[in-house]
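Enquirer: Dropping a prediction and its sequence here:
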Amino acid sequence: MIDKNGRSIEYLRISITDRCNLRCVYCMAEEGVHAIGHAEILRFEEILRLVRIMTGLGLKHLRITGGEPMARIGCLDLVKQLHEVPGVSSISMTSNGILLKDRIREAKSAGLSSLNISIDSLNPETYARLTRGGGVSEALCTLDQALEAGLNVKVNAVPIRGYNEEELAALAELARRDRLCVRFIELMPIGCGKDLERIPCAEVMERLENAFGKPVPDTQVYGRGPARYVKYPGFKGAVGFISAVSHEFCRTCNRVRLTADGQLKLCLNHTKGLDLRAMLRGGADDDEIRDAVRAAIADKPERHAFYEAVCDHEMRWMNEIGG
Ligand code: SAM
Ligand code: SF4
């Protein structure tokens with residue numbers, strides 16, 4: 001589907017829960033979140049129905065996210081059922097990896113083709129501080145298992161002043177020994193992210209250049225996202241940078257999001273969307289839902305509005321939206 005700004009929208013991120021086994025400082029408050037009630041969360045059959053409708057509009061690449069997607073019971077069953085929907089061409093997952101430990105083979109046979117695993121530090125103490133109690137060895141074990149199983153793997157890391165700024169080179173080194181991508185994502189001013197200091201991508205690049213030498217741009221396409229990739233001398237894999245708060249990535253944005261409570265979000269930072277749960281539960285038929293989705297996507301906002309004074313700002317937190 002092409003939107004009013006000529007962008008081809010073919011990527012659907014599906015958040016299946018707002019809950020999580022961790023409490024990352026930039027994402028969730030220590031005491032957790034005001035969790036969405038069970039009845040408000042889309043049931044798997046509702047998600048499947050929406051995906052069947054949306055593949056008809058050309059949305060063919062799916063990403064399962066959350067909260068922590070593996071924190072919802074039956075997550076891999078859902079992956080399997082989504083994989084069987086005609087028109088779905090790829091399924092990926094964004095996860096902190098901990099609950100995926102020893103379940104990678106199962107995930108792969110269910111139809112998962114790639115994994116984005118969030119690891120913000122390799123140092124057990126920093127990782128525990130950042131995640132408020134998580135164990136990095138489990139996440140790293142899942143990372144190894146995913147590589148061994150042949151999944152496409154990306155490591156996501158959010159650089160944060162006062163937490164992991166001295167460990168960015170160590171994280172990037174993961175791409176030296178293995179053919180994976182390490183991506184540095186600029187902290188977004190959403191939820192708890194508002195109270196922390198962002199380390200801009202330019203600074204991360206400078207630190208990495210000091211550590212590894214001058215990189216060359218990597219023009220190979222790694223996924224469908226907004227990252228710019230480079231390769232450092234001697235590295236097998238690539239390092240990517242996502243400057244989420246600049247507008248660069250809006251021009252080529254190819255995605256929409258389905259939140260756990262059934263809202264179709266057209267842009268990460270706009271509340272404007274479509275209440276698909278109300279349509280599903282209000283008795284709308286497939287054609288009505290398809291027409292409403294088509295109209296909503298056609299009208300996708302041109303760009304996000306982080307840091308702008310007048311906007312229809314997103315007040316939700318990242319664990320609700322799914323990143
Ligand atoms: N729990 C899974 C995980 O951590 O990968 C999936 C959901 S999480 C919300 C998705 C991604 O959003 C993670 O890579 C996380 O680092 C990122 N994220 C969360 N809050 C953020 C913020 N304020 N700014 C930038 N990235 C953020
Ligand atoms: Fe959980 Fe992911 Fe948010 Fe961390 S970033 S608290 S792992 S949802």
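Expert: Now that the structure is in, tell me what you want to look at. Ligands and ions are numbered 1, 2, ... in the order given.

Enquirer: Kindly indicate whether whichever residue of the stretch 51-200 of the chain sits closest to ligand 1 is helix, strand or coil.
Expert: Nearest to ligand 1 in the stretch 51-200 of the chain, going by Cβ to the nearest ligand atom, is Gly193, at a distance of 2.7 Å. No exception for glycine: its C-beta is placed from N, CA and C like everyone else's. Classification of Gly193 using DSSP: H, G, I helix; E, B strand; the rest coil returns helix.

Enquirer: That one reaches Ala29, doesn't it?
Expert: No: using Cβ atoms under 8 Å, Gly193 makes no contact with Ala29, being 11.7 Å away.

Enquirer: what about these two, which has more around it?
Expert: For the pair Gly193 and Ala29, the greater number of neighbours falls to Gly193 (19 against 14), based on other Cβ atoms under 10 Å.

Enquirer: measure the more buried one to Arg176 for me?
Expert: Gly193 sits 29 Å away from Arg176, taking Cβ to Cβ, to the nearest Å as the criterion.

Enquirer: Over to Asp261. Which of the three states is it?
Expert: Put simply, Asp261 is coil when judged by three-state DSSP.

Enquirer: Name the next helix or strand following the strand or helix carrying Val230 along the chain.
Expert: Per DSSP states H and E, Val230 falls inside strand 228-231. Later in the chain than strand 228-231, the nearest helix or strand by DSSP H and E is strand 238-242.

Enquirer: Quick check: which helices or strands does that following strand pack against?
Expert: Under the contact definition 3 or more Cβ pairs under 8 Å, 6 or more residues apart in numbering; DSSP states H and E, strand 238-242 sits against strand 181-185, helix 201-212, strand 228-231.

Enquirer: Which strand or helix spans the residue of the chain most remote from its centre?
Expert: Farthest-out residue of the chain from its mean C-alpha position, per Cα atoms, centre = their mean: Gly283, at 30.7 Å. For Gly283, there is no enclosing helix or strand under DSSP H and E.

Enquirer: And it, how close does it get to Ala298?
Expert: For Gly283, the distance to Ala298 (Cβ to Cβ) stands at 24 Å.

Enquirer: again, but for Ala202
Expert: For Ala202, the distance to Ala298 equals 35 Å [Cβ to Cβ].

Enquirer: Glu173 too?
Expert: Separation of Glu173 from Ala298 (Cβ to Cβ) stands at 44 Å.

Enquirer: between these two, who's got more neighbours?
Expert: Glu173 (19 against 14).

Enquirer: Just the pLDDT for the more buried one.
Expert: Per-residue pLDDT puts Glu173 at 97.

Enquirer: quick one: it from Val79, how far?
Expert: From Glu173 across to Val79, the span is 31 Å (Cβ to Cβ).

Enquirer: And for Cys250?
Expert: 29 Å.

Enquirer: of those two, who's got more company?
Expert: Taking neighbours as other Cβ under 10 Å, Cys250 and Val79 compare with Val79 leading, 23 against 18.

Enquirer: check contacts around the more buried one.
Expert: Contact analysis of Val79 by Cβ atoms under 8 Å, 6 or more residues apart in numbering lists 64, 91, 93, 107, 110-112.

Enquirer: pLDDT averaged over stretch 12-22, what's the number?
Expert: Mean per-residue pLDDT for stretch 12-22: 96.

Enquirer: wait, does it contact ligand 2?
Expert: Yes: using Cβ under 6 Å from any ligand atom, stretch 12-22 comes into contact with ligand 2 via 20, 22.

Enquirer: What is the burial count for the residue in the stretch 51-200 of the chain that ligand 2 sits nearest to?
Expert: Closest to ligand 2 within the stretch 51-200 of the chain is Asn96: 3.8 Å, counting by Cβ to the nearest ligand atom. By the criterion of other Cβ under 10 Å, Asn96 has 27 neighbours.

Enquirer: Which residue is the nearest non-sequential neighbour of it?
Expert: Ser118 (5.1 Å; Cβ to Cβ, 6 or more residues apart in numbering).
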